[in-house]
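K.L.:
return atomic coordinates for the entry below.
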Amino acid sequence: MFKAVSEQIKRIAIQKTEVIKQLESLFVGRVNVYIDYANVRPWANRLDWHIDLKRLKRFLESFDNIDAVKFYYGTLSGDAESEKRIEDVKDLGYQVRTKPVKIMNLSIDVSSIDLQSPALLKSFISGALLKKYDIETIEYLNDKFKEMNKQGIFAIHDQKCNFDVEIGSDMLVDKEKGGVESFVLWSGDSDFHDPLTDLLKDGKKVILFATARVVASELNELRSKGLFIFDINKIREFICWKREIPR
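P.N.:
Numbers count the residues shown, from 1 in each chain. All right, here's what the predicted structure looks like:
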C-alpha cells in the first residue's frame, strides 16, 4: 500500500494515480529492491535527467511493503569524494554493499606491433566487432595510439567494480530465507539472466526497473516467463533532481 511519506510526494502522487496503482499491483507481498548503481548511474546520459538518491529512497519508503532497499557500488580507496558518497548513501537508509574499485593499467604502446595488427585493439574492442573491421580501420586506430605514444602516453587507466555476482547471490539467498515475494532489480545487465530465471521458476514476482534501450536482449526474453520491465520515466517526477522536475 502506498502512503506518501512527504507532502511533495503526496502532491505528485495525485497527478500520477495510475502509476501508483500499477506499482501497487506489481509490489506483491514483501518486497526487496536491489540497485546496481554502476549500471544505473550512466542512465542519466540517455534519460537527460538524473536520479536523486534521497528522493528515490523517500519514494520507495512510501510503499509500506518494501522491506529492504539494497545498494551496490564500488569505493575508490583513498578518494575522499568516493568514500563520502558511500557514507552519504548509508545515511539515507540504504543497505549498502561496497568493495574497492580495481584500477587497471591498459597498454596502448604500439612501438612493438605491426600497425595492421589487431593485437592491441583486442583489449578495447570485442572480438566479434573487431572481425568486422577492415585493415584500413585497424591501421587508423593503431595510428591514433601511435600519436598518443608520441605525446608520452603509453597506457590508460580504467576502473572496474562489478557487483553482478553479489547481487545475484543476495537475491537467491533472500529467496531461500523466505518471506520475500517480489524482487525489484534496478539494472539492465544480461549477467542477471540466470538468477532472475531461478526466481521466476520459483514463482516469485520479478520486476526490472530500467529505461528504454538499456535492457539486454537476454532479459527482454524473460518477459515471456513473467518478468515485468518498468520504465523509470514513469516515476521521473518522484525521483529526479528537483530542478529537473518537468513543469
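K.L.:
and stretch 9-19, what's buried?
P.N.:
The neighbour-count check on stretch 9-19 (16 or more other CB atoms under 10 Å) flags 9, 12-13, 16, 19 as buried. No exception for glycine: its C-beta is placed from N, CA and C like everyone else's.
K.L.:
using a markdown table, lay out the residues you listed together with distance to Arg30, secondary structure and pLDDT.
P.N.:
Formatted as a markdown table, the entries for these read as follows, by distance: CB to CB, whole Å; DSSP: H, G, I helix; E, B strand; the rest coil; pLDDT from 0 to 100:
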| residue | distance to Arg30 | secondary structure | pLDDT |
| --- | --- | --- | --- |
| Ile9 | 22 | helix | 97 |
| Ile12 | 25 | helix | 97 |
| Ala13 | 22 | helix | 97 |
| Lys16 | 24 | coil | 97 |
| Val19 | 21 | helix | 98 |
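K.L.:
just those residues now: which is nearest Gly78?
P.N.:
Taking CB to CB as the measure, Gly78 lies nearest Ile9 of these, at 37.5 Å.
K.L.:
what is the neighbour count of the nearest residue to that closest one once chain neighbours are set aside?
P.N.:
In space, not counting the residues next to it along the chain, Ile9 is nearest to Ser62; the distance is 5.7 Å by CB to CB, 6 or more residues apart in numbering. By other CB atoms under 10 Å, the residues close to Ser62 number 19.
K.L.:
got a list of what Ser62 touches?
P.N.:
If a contact means CB atoms under 8 Å, 6 or more residues apart in numbering, then Ser62 has 2-5, 9, 13 as its contacts.
K.L.:
mind checking pLDDT for Ala216?
P.N.:
Ala216 is assigned a pLDDT of 90 by the prediction.
K.L.:
what about the helix or strand that contains Glu24, distance to the chain center?
P.N.:
Here Glu24 sits within helix 17-26, counting by DSSP states H and E. Helix 17-26 has its average C-alpha position 23 Å from the chain's average C-alpha position, going by CA atoms, centre = their mean, to the nearest Å.
K.L.:
if you count neighbours, what's buried in that helix?
P.N.:
Residues of helix 17-26 classed as buried under the neighbour-count rule (16+ other CB under 10 Å) are 19-20, 23, 26.
K.L.:
tell me the one among those residues nearest to Asp48.
P.N.:
Using CB to CB, Val19 is the member of those that lies nearest Asp48, at 19.7 Å.
K.L.:
which one is that closest one nearest to, not counting chain neighbours?
P.N.:
With sequence-adjacent residues excluded and distances taken as CB to CB, 6+ apart, Val19 is closest to Lys234, at 5.0 Å.
K.L.:
test my guess that Asp191 contacts Glu166.
P.N.:
No - with contact defined as CB atoms under 8 Å, Asp191 and Glu166 do not form a contacting pair (11.2 Å).
K.L.:
tell me how many other residues crowd Pro42.
P.N.:
Residues contacting Pro42 under the criterion other CB under 10 Å number 11.
K.L.:
and it, how far from Ala119?
P.N.:
Relative to Ala119, Pro42 is positioned 29 Å away (CB to CB, to the nearest Å).
K.L.:
picking that back up, ok, then the element right after the helix holding Glu24?
P.N.:
Past helix 17-26, further along toward the C-terminus, the next helix or strand under DSSP H and E is strand 30-36.
K.L.:
quick revisit: ramachandran coordinates for the residue nearest to Val19?
P.N.:
Here the main-chain torsion angles of Lys234 (degrees, to the nearest 10) amount to phi -70, psi -20.
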